[in-house]
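Novice: Predicted model and sequence below, questions to follow.
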Amino acid sequence: MKARKIMSLCLAAAVIIGMVGCGSTEKDSAQGGNDTQTEAPADKEKAPAEKVTLKIGQANFAAHGTKAFAVVTSVVKDGEIVLAYIDEFQYMDSATTTGVPNSEGMAENIVEGKVLGSKRDNNETYSKNMAEKSGATVEIATNFDAVEDFVKGKKISELEELVGKTPEEAVDAVTGATLVDTQGYIKAVLEAAKKAEATTGVEFSGNVEDLTLAQNYAAAHGTKSFAITSTLVNKDEVVLAYIDELQYMAADTTTGVANSDADLAANYVEGKMLGSKRDNAESYSKNMTEKAGSTVAIDANFDAIQEFVQGKKISELEELTGKTAEEVIDAVSGCTLADTTGYVTAVIEAAKAAK
């Protein structure tokens, strides 16, 4: 009876003052009432999704010491970090390490007993080593995750201000991170973000909070290199991708990965150096021309694949990779690589990891 009386009074008041509506949007459990919903005025449509330009960039960076190199990917919008992905590579004991793809085929370029491995892929063994040597209590992957969480939503200018402070202040600023070189990883995120800023990017309409980013390693081409593919995904659609590939090349003509001029080089056999095909696009592409008559530079080929996958559903890309190599090449405008299917497959794998 009480609820009925209150409602009657509300209706009466509404008639008297010429207004409509009196009630609550909350459930009155004491009176056994029902949830009610307020409707938006008929003349007020739902606001359209905000349109932003998203850009992706990657940095090969000496974030920690002289024996490893980080590969960090950043996605930005209007000078702000949307997402970042951090991993780091180091030569480790081949008996206990999960090597990068094609490690067996690349072994002739590395000193005996060593293999190149991702710290994320070897999180358990690497973290155990950290604990034994320095008393670390937080795993390496967890530290990387903490830095990624910290930079998300930060302006590039904010991060630049932080890296101008002491390393101790940087560690204190990042909740959950305990790495002495936390500042180095933030610098790597910044470097990748600045590279992203220099690109054209793509227009995105939707909630950036729904986006996910993953970085994947694959044997996309032959047995002498491994691809690093980063993919930004919106549910089941590829929004952006970034492709690079690392290979051992002639030391005298190669720009090596970070720290190749330091202790990292002790792991290469004489005359060889690990380099990015993008960083060595001119010399690598010249070699492609001389050996296979290629007319499209390696970085232009990677760019063509990246542009092709943008806006494609994962299922669309999977359908394409089921076709012949020639059909895949024909589908990707501007790409001439015989292993185009391998790179598209690497994008698919990264996209599935990001979902």
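Specialist: Sure, I can see it. Residues are numbered from 1 along each chain as shown.
Novice: SS state for residue 175?
Specialist: In terms of secondary structure, residue 175 is coil; the call rests on DSSP: H, G, I helix; E, B strand; the rest coil.
Novice: so it makes contact with residue 146?
Specialist: Yes - between residue 175 and residue 146 a contact is recorded at 6.5 Å, counting by C-beta atoms under 8 Å. Placement of C-beta: from N, CA and C, glycine included.
Novice: Who has more neighbours out of those two?
Specialist: Taking neighbours as other C-beta atoms under 10 Å, residue 175 and residue 146 compare with residue 146 leading, 19 against 8.
Novice: what's the neighbour count on the closest residue to that one other than its chain neighbours?
Specialist: Among residues not flanking residue 146 along the chain, residue 176 sits closest, at 3.5 Å (C-beta to C-beta, 6 or more residues apart in numbering). Other residues within reach of residue 176, judged by other C-beta under 10 Å, total 12.
Novice: Just list the residues touching residue 176, thanks.
Specialist: Applying C-beta atoms under 8 Å, 6 or more residues apart in numbering to residue 176 gives the contacts 138, 142-143, 145-146, 149.
Novice: before we move on, what about residue 174?
Specialist: Counted by C-beta under 8 Å, 6+ apart, residue 174 has contacts 146-147, 150, 182, 186.
Novice: Select, from those residues, the two members most distant in space.
Specialist: Comparing all pairs in the contacts of residue 174 by C-beta to C-beta, the longest separation belongs to 146 and 186, at 11.0 Å.
Novice: about what we covered before: please convert the contacts of residue 174 to a markdown table, extending it with secondary structure.
Specialist: Compiled in a markdown table, the contacts of residue 174 are given as follows (three-state DSSP):
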| residue | secondary structure |
| --- | --- |
| 146 | helix |
| 147 | helix |
| 150 | helix |
| 182 | helix |
| 186 | helix |
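Novice: out of the residues you listed, which are buried?
Specialist: Neighbour-count burial (16 or more other C-beta atoms under 10 Å) applied to the contacts of residue 174 gives 146-147, 150, 182, 186.
Novice: mean confidence score for stretch 255-269?
Specialist: Regarding stretch 255-269, the rounded mean pLDDT is 97.
Novice: Identify all contacting residues around that stretch.
Specialist: The contact list for stretch 255-269, computed with C-beta under 8 Å, 6+ apart, reads 60-62, 65-70, 89, 91, 108-111, 114, 116, 246, 248, 251, 273-276, 279-280.
Novice: partner residues bridging residue 202?
Specialist: residue 54 (DSSP bridges).
Novice: Counting neighbours, what do you get for it?
Specialist: Residue 202 is flanked by 16 other residues according to other C-beta under 10 Å.
Novice: cool, residue 173 as well?
Specialist: For residue 173, using other C-beta under 10 Å, the count is 14.
Novice: Please read off the pLDDT at it from the model.
Specialist: According to the prediction, residue 173 has pLDDT 96.
Novice: wait, it sits on residue 147?
Specialist: No - counting by C-beta under 8 Å, residue 173 sits too far from residue 147 to count as a contact (10.2 Å).
Novice: that's a helix at residue 104, yeah?
Specialist: Yes - applying three-state DSSP, one finds residue 104 inside a helix.
Novice: where exactly do the helices run in the stretch 251-355 of the chain?
Specialist: 281-292, 298-309, 314-321, 325-331, 340-354 (DSSP state H, counting those that start in this stretch).
Novice: Could you list every helix and strand in contact with the third one?
Specialist: Spelled out, that is helix 314-321. Packing contacts for helix 314-321, counted by 3 or more C-beta pairs under 8 Å, 6 or more residues apart in numbering; DSSP states H and E, involve strand 237-250, helix 325-331, helix 340-354.
Novice: Throw these into a markdown table and include distance to residue 300, mean pLDDT and mean neighbour count, thanks.
Specialist: Below are the helices and strands packed on helix 314-321 laid out as a markdown table (distance: least, C-beta to C-beta, whole Å; pLDDT from 0 to 100; neighbours: other C-beta atoms under 10 Å):
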| stretch | distance to residue 300 | mean pLDDT | mean neighbour count |
| --- | --- | --- | --- |
| strand 237-250 | 12 | 98 | 23 |
| helix 325-331 | 14 | 97 | 15 |
| helix 340-354 | 13 | 97 | 23 |
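Novice: Compare those and give me the one nearest residue 131.
Specialist: Of all the helices and strands packed on helix 314-321, helix 340-354 sits nearest to residue 131, with 27.0 Å by C-beta to C-beta.
Novice: contacting residues around the closest one?
Specialist: So helix 340-354 is contacted by 212-216, 218-221, 227, 229-233, 238, 241, 243, 301-302, 305, 308-309, 314, 317-318, 320-321, 325, 328-329, 332, 337 (C-beta under 8 Å, 6+ apart).
Novice: what's the answer for stretch 72-79, then?
Specialist: Here stretch 72-79 has contacts from 52-59, 61, 63, 81-87, 151, 155-157, 185, 188-193, 195-197, 208, 211, 213, 215, 230, 232, 240, 242, using C-beta under 8 Å, 6+ apart.
Novice: Swap in 6 Å and give it another go.
Specialist: Applying C-beta atoms under 6 Å, 6 or more residues apart in numbering, the external contacts of stretch 72-79 come out as 52, 54-59, 81-86, 155-156, 188-189, 192-193, 196, 215, 230, 232.
Novice: can you check stretch 137-155 too?
Specialist: With C-beta under 6 Å, 6+ apart as the test, stretch 137-155 has contacts from 79-81, 84, 86, 119-120, 123, 126-127, 174, 176-179, 185, 189.
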